[in-house]
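1. what shape does this take:
(one chain, ligands or ions: 1)
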Amino acid sequence: MSIEVQNLTKIYGSQIALDEVSFSIGPSEIVGFLGPNGAGKSTTMKILSGYVNETSGSAHILGMDVSTDGLKIKKRVGYLPELNPLYGDMFVKEYLGFIADIYKIKDSRTAINKVIDSTGLGSECHKKISQLSKGYKQRVGLAQALINDPDVLILDEPTSGLDPNQMKEIRNLILSLGEDKTILLSSHIMQEIEAMCSRVIIINKGKVIADDTLDAVKKNWGNKQNSIHVRFRDAIDLSILSSISAIKSIDSIDEKTFIVYSEPHVDLAELLFKFAVTSDTIIVEQREQEKSLESIFQKLTDYD
Ligand code: ADP
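-> Residues are numbered from 1 along each chain as shown. Model prediction:
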């Protein structure tokens, strides 16, 4: 296993940040670590990267124990912290040289050029970090995480604060890195995880609440919600449709087309059929609405 976490618990004062978290990740997997703010994602990642000690439980990376083999692990792991601490006054190459020195990399010139190339920093590498756009600053963060050519990458919210184009570029970069590295990346944005990962670990209030492939999470958790995409022949009076008590909510696509949501036990198809009959119209198209990971995530994390 590349990453093995067992009953990991972290308590800050009276705050339980992680409560017996366990998961394992195999080589060359890109796993999404999803959870709302305060769920415990950063704490887990800091423990894995050796920046914070666990209260109890254990974590191993490439077979090494994070609490005793911290230095060895740092040589094989790249870490992008959530608040990427870059030195604004340094030039990109100078900063990467500084990081290469920390890692005591012998041929630092080759290593620097390699990461500049793989993160697409070529055109900006002669600038000061403070002069870079957010997207390029994030690339510098990724470049420093890659400088020691790690086998395992731990990326805490790698695209947060980026605009959609920058997000896409960083996602593509991460996908290409994932071809030969194990990547654990955190996000509170579902689409992000969907775009990059085939497996997701969902954490809430310090506990793992789902750990599966994206497809399985959608399948197993999605059927807790009932929704149908329906198109009527005629325009519908939305106030009449929404007055049906079994209907929880309605998204209007146009005056004839809707996504209708109800509680799970309701036979929504029958309900809509009856509504069409009484409204003197017919249903011309009806299909089960695919459950988005976003709605599943909201359901999973919406409890006390
Ligand atoms: P996430 O990354 O999912 O947003 P964090 O791991 O940052 O969550 O935080 C988990 C919980 O631990 C939160 O309740 C947070 O307030 C708390 N926490 C994190 N770091 C500290 C700290 N240094 N001291 C006290 N509490 C902390």
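2. restrict stretch 218-235 to CA atoms and write it as PDB.
-> This file holds the C-alpha atoms of stretch 218-235, laid out as PDB (Å, rounded to 0.1, in the frame of the first residue of the first chain):
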ATOM      1  CA  LYS A 218     -23.300   7.400  -6.600                       C
ATOM      2  CA  LYS A 219     -25.100   4.000  -6.800                       C
ATOM      3  CA  ASN A 220     -25.200   3.200  -3.100                       C
ATOM      4  CA  TRP A 221     -26.000   6.600  -1.800                       C
ATOM      5  CA  GLY A 222     -27.900   8.100  -4.800                       C
ATOM      6  CA  ASN A 223     -31.000   6.000  -4.400                       C
ATOM      7  CA  LYS A 224     -31.700   7.600  -1.100                       C
ATOM      8  CA  GLN A 225     -33.100  10.400  -3.200                       C
ATOM      9  CA  ASN A 226     -36.000  10.300  -5.600                       C
ATOM     10  CA  SER A 227     -36.000  12.500  -8.600                       C
ATOM     11  CA  ILE A 228     -37.400  12.500 -12.100                       C
ATOM     12  CA  HIS A 229     -36.600  14.500 -15.200                       C
ATOM     13  CA  VAL A 230     -40.000  15.100 -16.900                       C
ATOM     14  CA  ARG A 231     -41.200  16.900 -20.000                       C
ATOM     15  CA  PHE A 232     -44.900  17.600 -20.500                       C
ATOM     16  CA  ARG A 233     -46.500  18.300 -23.900                       C
ATOM     17  CA  ASP A 234     -47.900  21.600 -22.700                       C
ATOM     18  CA  ALA A 235     -46.700  24.400 -20.500                       C
END
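3. and the contacts of that stretch?
-> For stretch 218-235, the surrounding residues in contact (C-beta atoms under 8 Å, 6 or more residues apart in numbering) are 210, 212, 255-264, 266, 268-269, 272, 276, 279-291, 293, 295-296, 299-300. No exception for glycine: its C-beta is placed from N, CA and C like everyone else's.
4. which of the residues you listed are close to the ligand?
-> Among these, proximity to the ligand is found for none (C-beta under 6 Å from any ligand atom).
5. residue nearest the centroid of this protein?
-> Central residue of the chain (C-alpha atoms, centre = their mean): Ser187, 3.4 Å from the mean position.
6. I'd guessed that one sits against Glu157; true?
-> Yes. Between Ser187 and Glu157 there is a contact at 6.1 Å, judged by C-beta atoms under 8 Å.
7. only alpha carbons, please: show the helix or strand harbouring Tyr261 as CSV.
-> Assessed by DSSP states H and E, Tyr261 sits inside strand 257-262. Extracted in CSV, the C-alpha atoms of strand 257-262 (Å, rounded to 0.1, in the frame of the first residue of the first chain):
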residue,chain,number,x,y,z
THR,A,257,-39.6,20.6,-18.5
PHE,A,258,-38.8,20.0,-14.9
ILE,A,259,-36.7,18.0,-12.4
VAL,A,260,-39.1,16.9,-9.7
TYR,A,261,-37.9,15.7,-6.3
SER,A,262,-39.8,13.8,-3.6
